[in-house]
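Peer 1: Mind looking at a prediction? Sequence and model below.
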Amino acid sequence: MTQPSLVTDQTIQERLVPFPKSHFLAASDLNPYVTPQLLDLGDAFVDFNRQSSKALDVLHGRTVVNLFFENSTRTSSSFEIAAKRLGADVVTMPVAASSVKKGETLIDTAVTLNAMKPDILVVRHSASGAAELLSQKVGCAVVNAGDGRHEHPTQALLDLLSLHRAFGDVTSLTVAICGDITHSRVARSNVALLQMMGARVRLIGPPTLVPGDADRWGCEVFHDMREGLQGCDVVMMLRLQLERMAGALVPSTREYFRFWGLDREKLAWAKPGAKVMHPGPMNRGVEIDSDVADDLDVSLIQDQVEMGVAARMAVLASLSARWGDK
Amino acid sequence: MTTLAILNARVLDPATGYDGPGGVLIENGRIVRVMHGAAEIDADQTVDADGLCLAPGLIDIRVKTGEPGAEPKETLKSASLAAAAGGVTTIVVQPDTDPAVDDPAMIDFIQRRGAALNLVNVRAAGAATKALDGQRMAEIGLMDEAGALYFTDGDKVIVNSRTLQRVMSYAAAFNALIACRPSDPWLTEGAVAASGELATRLGLSGSPAIAERIGLERDLALVEQTGARFLVDQISTEGALETLARARAKGLEVAVSVSINHLCFNEVDIGDYRTFYRLDPPLRSEADRQALIEAVRGGLIDVITSAHAPAPAEDKRRPFAEAAPGAVGLETLLPAALTLHHEDGLDLLDVLRPLTHGPAALLGLDAGVLAEGAPADLVLFDPGAPIIVDADALRSKSKNSPFDGRRLQGKVVGTWVGGRKVH
């Protein structure tokens, strides 16, 4: 039995493609030409992450700052691991706990950080547009790790990488995004990227959680799960935030699960062999049944976590490819 | 006793509808003669207007200052300087300061301080409820006596319908004017932009247009019941205009104001999360903007305001949803209005009426008109002169102007208050 060949700096350099923009703020910063190349690079990083030696020099000498104004262990760790495996110096700033409480504005924080000369700023913030605002004020590349309910573009890219590995060609796929569309940055980024790559996207959820103008996004909108899932290749579930319950957008978790939670019975309406995704963390028994979530034959949820590191490595490496030898 | 004549002007008087050559003679701070056509006048001082437009000074009934309580935003002095530079001769200061202007001493304080500045006329609106809490009625009668021009809780909606009913009913005893922002607070909770495709794409909470109509329907029903004098403050949607037109057709006499920002900008301007366009109510669709312009043209709108709301950089240099709402506007009010004349075809008199005679008639002021005996509050402007707004050069302490960098057509050349040149 032959072992796969080692992924090295040279392998990566050969597949490296410069990122199309100076920052990665929204899925629309990608284009149909560069995205397949990023997926190819992501594939290389998946192989790399599976080998025992996990050290590259792509970002050697570079500083990546993780600026998380909103807590997120999963995304923060994913970016941290990605940057470290590329050889960067990584600093995770505890901003949620410090400067913000002292009344410093986001721009003050940015200006201060900018003076420390980072190369890449990874930002998560509860306000839509925060990453874009920062990108206008700093001299380094900014990666949006989720801004309010606006966009979460690396999540969309890692989801696409998961689908690419599971299905190969994504252009013929029909993907149903289900749940709280209104408040979901994951949904917005995925709609944009999946449509850019030629997939058909459906949105499914209760009318209180689907924007009234979502039909103008080029998606089909369904409020009935069974109807919406018919013929779908992929069922992408979204997390229902607990505060939405307090906001009375749905009557109760049990009613939500009854009509919009994914279980075997509803999944049976999708195409045979359909795959299930979830950006995590999951509310088991609210938006998804454990029976489905843990079934490795249908669930790509663990793959998504693995692809998260690879996709983020691809983004960070690709951004650095813009810099040349500066 | 000196006399001043402004001659050779294009006189514009929305109160009489006169638009033609002429001038005015001023004595003791008042207009003693209005000339239509050329006239030989002996005066101690003469200003040759050289064909520029002479109109009553603007009356801006919705001006926020930081004084008292937040002077770094704006003081009465900086607001007065900005007003004078913008051809605004009377400002009515909003009560939502800290502390709120909710008793006669505060009304007196603002008016005395404004008078001491000796720039423009500074008047005050009183709070409708104590500390703007929407629950306890403020001293409307005493504030009315002290000179408050109208009563409002500013940007806060009086949610409790019983309180608003009592405020309206009580104010009627003093023939006092009550102003309210029409809005349903539940539908607009947390909203920072107009509901719609753009807000959804930007991930911003949207304020649906129906919220304004629902709020207006409630307010008008209470007006009908109590017989209060009422101003619909800051209308922004086509749907609410239709509701208003229906109410007027039924015979309900209510006044309505709109901000210059909602006549000049639409929701698309918030693209890229530019916080200078974060306004309350939010900027609406182009269809709404066009409907508002038509309402000005058709006379449905009584008052155009600057909705002057200073916010310092630290309040605006934030993510869109976290930035303070509002924009400064005193100095750009007239140039922006004149740009509406040029770009949207509004007749000059139709533009000037809600800036002068409209608010004066609503508030019972003897200003806003070019008539013998009226105060010589005047503005001389060049309607064709192009300007580029430079927010940093504005007199306001805060520089949050959505017109920053915009080309406008129309320039204030001179401002007189009580016959005295203040700009």
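Peer 2: Ah, there it is.

Peer 1: quick one: low-confidence parts of the chain?
Peer 2: Looking at chain A here, since you left the chain open. A:1-4, A:94, A:96-104, A:244-247, A:325-326 (pLDDT under 70).

Peer 1: hmm, I had chain B in mind actually
Peer 2: Using pLDDT under 70, chain B drops low at B:1.

Peer 1: Where is the longest helix in chain A?
Peer 2: Using DSSP state H, we find that the single longest helix of chain A is helix A:301-320.

Peer 1: got the buried residues for that helix?
Peer 2: For helix A:301-320, the neighbour count (16 or more other Cβ atoms under 10 Å in any protein chain shown) marks A:301, A:303-320 as buried. All C-beta atoms are positioned from the backbone trio N, CA, C, and that covers glycine.

Peer 1: which helices and strands sit right next to that helix?
Peer 2: helix A:34-50, helix A:73-85, strand A:120-125, strand A:141-147, helix A:153-167, strand A:275-277 (3 or more Cβ pairs under 8 Å, 6 or more residues apart in numbering or on different chains; DSSP states H and E).

Peer 1: Could you dump the ones you listed into a markdown table with mean neighbour count and distance to chain B added?
Peer 2: Conversion of the helices and strands packed on helix A:301-320 to a markdown table gives the following (neighbours: other Cβ atoms under 10 Å in any protein chain shown; distance: least, Cβ to the nearest Cβ, whole Å):
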| stretch | mean neighbour count | distance to chain B |
| --- | --- | --- |
| helix A:34-50 | 19 | 20 |
| helix A:73-85 | 20 | 17 |
| strand A:120-125 | 27 | 7 |
| strand A:141-147 | 27 | 7 |
| helix A:153-167 | 24 | 12 |
| strand A:275-277 | 22 | 21 |
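
Peer 1: would you turn those into a markdown table with distance to A:Asp297?
Peer 2: Shown next, in a markdown table, are the helices and strands packed on helix A:301-320 (distance: least, Cβ to Cβ, whole Å):
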| stretch | distance to A:Asp297 |
| --- | --- |
| helix A:34-50 | 20 |
| helix A:73-85 | 24 |
| strand A:120-125 | 33 |
| strand A:141-147 | 30 |
| helix A:153-167 | 11 |
| strand A:275-277 | 9 |
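
Peer 1: right, and the ones you listed - which one's nearest B:Ile387?
Peer 2: Closest to B:Ile387 of those is strand A:141-147 (Cβ to Cβ; 35.5 Å).

Peer 1: Show me the contact partners of the closest one.
Peer 2: A:22-26, A:66, A:68, A:70, A:72, A:75-76, A:79, A:119-125, A:127-132, A:134-135, A:151-155, A:185, A:315-316, A:319, A:322, B:203, B:319 (Cβ atoms under 8 Å, 6 or more residues apart in numbering or on different chains).

Peer 1: quick one: that strand to helix A:301-320, angle?
Peer 2: 150 degrees (axes from the mean of the first three to the mean of the last three Cα atoms, to 10 degrees).

Peer 1: Quick one: name the residues of chain A near chain B.
Peer 2: Contact residues (Cβ under 8 Å from any Cβ of the partner chain) of chain A with chain B: A:105-107, A:125, A:127-130, A:132-133, A:147-151, A:182, A:185, A:188, A:211-214, A:216.

Peer 1: Quick one: residues contacting the residue of the stretch 101-250 of chain B at minimum distance from chain A.
Peer 2: Nearest to chain A in the stretch 101-250 of chain B, going by Cβ to the nearest Cβ, is B:Gly203, at a distance of 3.0 Å. Shown in contact with B:Gly203 (Cβ under 8 Å, 6+ apart): A:128-129, A:147-151, A:185, A:188.

Peer 1: if you look at those, which of them are in strands?
Peer 2: A:Asp147 (DSSP state E).

Peer 1: Just the buried subset of the residues of chain A next to chain B, please.
Peer 2: Buried subset of the residues of chain A next to chain B (neighbour count, 16+ other Cβ under 10 Å): A:105-107, A:125, A:127-130, A:132-133, A:147-151, A:182, A:185, A:188, A:211, A:213-214.

Peer 1: Out of these, which sit inside helices?
Peer 2: In helices, defined here by DSSP H, the members of those are A:106-107, A:130, A:132-133, A:185, A:188.

Peer 1: Quick check: the farthest pair among these?
Peer 2: Of all the pairs that these form, the one spanning the most space (Cβ to Cβ) is A:Ile107 and A:Arg188, at 24.4 Å.

Peer 1: what are the ranges of the helices in the stretch 151-300 of chain B?
Peer 2: Counting by DSSP state H, counting those that start in this stretch, the stretch 151-300 of chain B has helices at residues B:161-171, B:197-202, B:209-226, B:238-249, B:260-264, B:286-297.
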